[in-house]
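**Q** Following is a predicted model, sequence given first.
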Amino acid sequence: MQFLLVAIGAAVGCACTCAEVSAAQSPIPRSDEAPADSARVRLPPVKITATRQSESIYATPLAVSVVGPVQLQDKRGIGLDEAFSGIPGVLAQSRYGGSDVRLTIRGFGARGAGDRSNAGTSRGIRILLDGIPETEPDGRTSFDLIDLHAANRIEIVRSNASALWGNAAGGVVSISTVQEFDAPFAKLQQMTGSFGLLRTVAQGGTKFGASSLAFTFTNSSQRGWRQHSDSRRFLVNSSLDAALGDDTDVRVFLTAANSLFHIPGPLTRAEAIANPRAANATYASRDERRYNKVARIGVTLDHALSGSRSISAMVFTNPKILQRSERNTFRDFDRHHAGGNLVFQTKFNVATGIRGSVLAGGDRASQDGEIIFHALTPSGGRGAQIRDHKREGASNTGIFVQQGLVFNDRLNLDLGVRYDNVRYDYRNLLDPATDAGKSFARVTPKLGLSYRFSPANSIYLNLGGGVEAPAGNETDPASTFGQDTVTAINPLLEPIRSTTFEIGARRLMMRSESQLVRSVSYDAALYVTDVANEIVPYRGGRFYFSAGQVQRRGAEFGTTITGSGAAEFRGAATFSRNRYVRYTIDSVHYGRPGAFASYAGNHVAGVPGFHFSASVAKGIGPGLPARVELALRGVGKYFLDDANAVEVPGYQTVSATLASTGPLSIGRIGIRGFLTLENIANRAFIGSAFVNPDIVNGEAVAFEPGTPRSLIVSLSLATLRP
């Protein structure tokens, strides 16, 4: 076992990397569980819940990462890319400097970047907000209700997680906004920065008896660094945590957002070099944008039936009013997303030294609503002519069961299976002849094994299945032979099926407070994922096909080292090889009937083979409660198209932050602040790009330039504990 642990670390190399769990912010074993090599420093255990039960991260047979409040506090807080820069296996790229993020995990979700892929959304990755799905039944997720300053903790499952959550081949991101406090508090933060950034954050909370009430309010706006990239968002997030006796806890979450963002669109490579601030001329002339008004009410309940049995339940309702100017039409969406789940858990003793548990339950979510397509006026407004009128319905139903066994508190075995049925029902209110429905069903298994040498030193094996239905806008049929006038749903699409085998190791070593190096932690993982029915966008995302078979291989490594004087090093590196194993393209869809091409052996479009991050932080001195941090981030080159003819160059950027480590107190008020300079060298780079883009006059229109040098300044006031 120890040899295997060392072999994994050697396989991923000794590149500078970033740990999934920081010893400075992530707790470790209880005092009665302290490992032998850390007996002098004892902290609480790291517990995670993204696996649908509370368990130690060191006992979990999955690649799981945790981002805590310390890592979230000195950020702009607008986009998820700010939280994920130090997580191995996760690539999050800001498209325009706002909340619109290109998010991929181990290559899943990369196809979501395209001319006709919905801006401001991701796919292939299941995102939960306080245990409630932000991901819609078809697998798409919008970021309207996600704000990092409302988040208190983020857990990322980087493995196939379909056996637990369904329709999540790329993993799970679970965001908690529950504030932890033992006395009333209030906080006000004001932020300003380059390109017209203005951001106000207000937070507060109070206790009454065993219950608590908390809220977060954010108001953000920015001019944007590219033309036609301005945005604004108002968001409120509130939670009520009520203890109904000793055995029952109820939480009520109310979240709402009003957001508007304009889309500058892609450029050719030559345009991106000559004038990266420019907007795509067509996007600007049509005033392409998203205006979303979204609200959500959710209720969760946890009830202990006895000392060994419990149930949890959740229900939510999520109305949405959306407006979009895109593809030369003005679109009005009136949608309603609702659902819930019920989970039962029991624990029992099997024999001496053997404990067992069973987790079983089901999920149900549905979304329905009308879409009216209007003609677009010359100024980008709603025209009088109605071009189309549809009703799009989708549902996701799943049931699952998982058996766990623990042998002598060291060996953990998890066996699980889940059945999912994703159903689409599309109706055209102007042309009912195209009405269609289709179901995508799949059973996904799971086998996980972990072994703990000590409470904070473990290895694991995982064999899991994944399923991912095509997203709603991917079900549009091709128009090559008029298929789009015959049926509303592409009959050739099948769900993505994937199987992942991974092996990994985690360890945290604590040392005495008097030593130069106080803690070292690492997380290593090797994986192989075989994917059938890879969904591939054609012609800039005009339509999609289940086109091929893919193999993904990767190695991930992360580490955190803390030292005296508030010194800390973090690093993360991801190496991957993503190739088409079987993929034949029919060029009839490109105007060349009878021509076929095999792309077997080519790199998968949109997925870099290497990306990394590293940061070094150090306290300035005992007389000044502040720290300085330097961070480096890099992404390797990758191809934009299946033919591997168009390449995006790699890049590296450096940023620096000066932040207070503790509040400067004036009476009962504490003052904190930070200053960040991003992309210090003002390096020009391509921050994101469209997959399989349109070729216009021999050039790919696909490149989204990255943000140049920018400054962020923040000051906050908070009440101090008495």
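**A** Nice, thanks for sending it over. Since the structure is predicted, the reported quantities are computational estimates derived from the model, not experimental observations.

**Q** Okay, strands next: where are they in the stretch 351-500 of the chain?
**A** 354-376, 382-407, 411-428, 436-454, 457-468, 496-510 (DSSP state E, counting those that start in this stretch).

**Q** which residue sits closest to His389, ignoring its sequence neighbours?
**A** Nearest non-adjacent residue to His389, counting by CB to CB, 6 or more residues apart in numbering: Leu429, 4.3 Å away. Bear in mind the C-beta positions are built from the backbone N, C-alpha and C, glycine included.

**Q** Torsion angles phi and psi at the one you found?
**A** Main-chain dihedrals, Leu429, degrees, to the nearest 10: phi -80, psi -10.

**Q** My read is that it contacts Ile386, right?
**A** No: the pair Leu429 / Ile386 is not scored as a contact, 9.8 Å apart, by CB atoms under 8 Å.

**Q** can you map out the helices along the protein?
**A** When assigned using DSSP state H, the helices of the chain occupy the ranges 2-11, 69-72, 81-84, 162-165, 269-274, 281-285.

**Q** pLDDT-wise, which helix or strand of the protein ranks last?
**A** The helix or strand of the chain with the poorest confidence is helix 2-11; it has a mean of 36 (mean pLDDT, DSSP states H and E).

**Q** so how many other residues sit close to Ser439?
**A** 13 (other CB atoms under 10 Å).

**Q** For it, report the pLDDT, please.
**A** Ser439 is assigned 90 on the pLDDT scale.

**Q** Not counting sequence-adjacent ones, nearest residue to Pro708?
**A** Asn682 (5.3 Å).

**Q** ah, wrong one, I meant Gln222
**A** Leu197 (4.5 Å).

**Q** my guess is the one you found contacts Gly224, does it?
**A** No: Leu197 lies out of contact with Gly224 (CB under 8 Å); the separation is 9.4 Å.

**Q** picking that back up, relative to Val550, which of the strands of the stretch 351-500 of the chain is closest?
**A** Nearest to Val550, of all the strands of the stretch 351-500 of the chain, is strand 496-510, at 8.6 Å by CB to CB.

**Q** That closest one pairs with which strands, and in what direction?
**A** strand 457-468 (antiparallel), strand 517-538 (antiparallel) (DSSP bridges).

**Q** what's the angle between the first one and strand 411-428?
**A** For the pair strand 457-468 and strand 411-428, the angle between their directions (axes from the mean of the first three to the mean of the last three CA atoms, to 10 degrees) equals 20 degrees.

**Q** what is the mean pLDDT for strand 457-468?
**A** 91.

**Q** same question, stretch 383-392
**A** 94.

**Q** end to end, how far does stretch 168-178 reach?
**A** From its first residue to its last, stretch 168-178 covers 24 Å (CA to CA, to the nearest Å).

**Q** Report the buried residues of that stretch.
**A** Neighbour counts over stretch 168-178 (16 or more other CB atoms under 10 Å) mark 168-177 as buried.

**Q** dump the residue contacts of Glu238.
**A** For the record, residue 238 is Ser, not Glu. 213-216, 253-255 (CB atoms under 8 Å, 6 or more residues apart in numbering).

**Q** Give me the buried entries from those.
**A** Using 16+ other CB under 10 Å, the buried ones in these are 213-216, 253, 255.

**Q** would TSV of these with pLDDT be doable?
**A** What follows is the buried ones among the contacts of Ser238, written out as TSV (pLDDT from 0 to 100):
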residue	pLDDT
Leu213	96
Ala214	96
Phe215	96
Thr216	97
Phe253	97
Thr255	97
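
**Q** got a list of what Ala272 touches?
**A** By CB under 8 Å, 6+ apart, the neighbours of Ala272 are 686, 703, 705.

**Q** OK, contacts around the closest residue to Leu128 other than its chain neighbours?
**A** Excluding the flanking residues, the one nearest Leu128 by CB to CB, 6+ apart is Ser174, at 4.5 Å. If you count contacts by CB under 8 Å, 6+ apart, Ser174 has them with 49-50, 127-128, 131, 154-157.

**Q** Can you give me the separation between Ser174 and Phe143?
**A** Counting by CB to CB, to the nearest Å, the gap from Ser174 to Phe143 is 15 Å.

**Q** ditto for Ala243
**A** In terms of CB to CB, Ala243 sits 32 Å off from Phe143.

**Q** Those two: who's more crowded?
**A** Legend: neighbour count by other CB under 10 Å for Ala243 and Phe143, higher for Phe143 (23 against 13).

**Q** for that one, phi and psi?
**A** Here Phe143 shows phi and psi, under degrees, to the nearest 10, equal to phi -110, psi 20.

**Q** Show me where the stretch 101-250 of the chain has its strands.
**A** Under DSSP E, counting those that start in this stretch, the stretch 101-250 of the chain gives strands at 101-105, 121-123, 126-129, 132-133, 140-142, 153-157, 172-176, 185-193, 197-208, 211-222, 231-243, 248-262.

**Q** so can I have TSV of those strands showing distance to Ser660?
**A** Shown next, in TSV, are the strands of the stretch 101-250 of the chain (distance: least, CB to CB, whole Å):
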stretch	distance to Ser660
strand 101-105	28
strand 121-123	33
strand 126-129	29
strand 132-133	34
strand 140-142	34
strand 153-157	22
strand 172-176	25
strand 185-193	13
strand 197-208	16
strand 211-222	21
strand 231-243	25
strand 248-262	29
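
**Q** weakest of those strands by average pLDDT?
**A** The weakest mean pLDDT among those belongs to strand 121-123, with a mean of 83.

**Q** Show the average pLDDT along stretch 626-642.
**A** 94.

**Q** what do you get for stretch 476-486?
**A** 74.

**Q** How confident is the prediction for the residue nearest to Pro708, by pLDDT?
**A** 96.

**Q** count of residues packed around it?
**A** Neighbours around Asn682, by other CB under 10 Å: 10.

**Q** what's the answer for the one 10 residues further on, then?
**A** Other residues near Asn692 number 26, with proximity taken as other CB under 10 Å.

**Q** For it, which residues are in contact?
**A** The contact partners of Asn692, taken as CB under 8 Å, 6+ apart, are 114, 536-541, 605, 640-642.

**Q** And Phe440, by the same measure?
**A** Here Phe440 is in contact with 421-423, 467, 469-470, 494-495 (CB under 8 Å, 6+ apart).

**Q** do that again at 10 Å, thanks
**A** By CB atoms under 10 Å, 6 or more residues apart in numbering, Phe440 lies in contact with 138-139, 167, 396, 420-424, 467-470, 475, 493-496.
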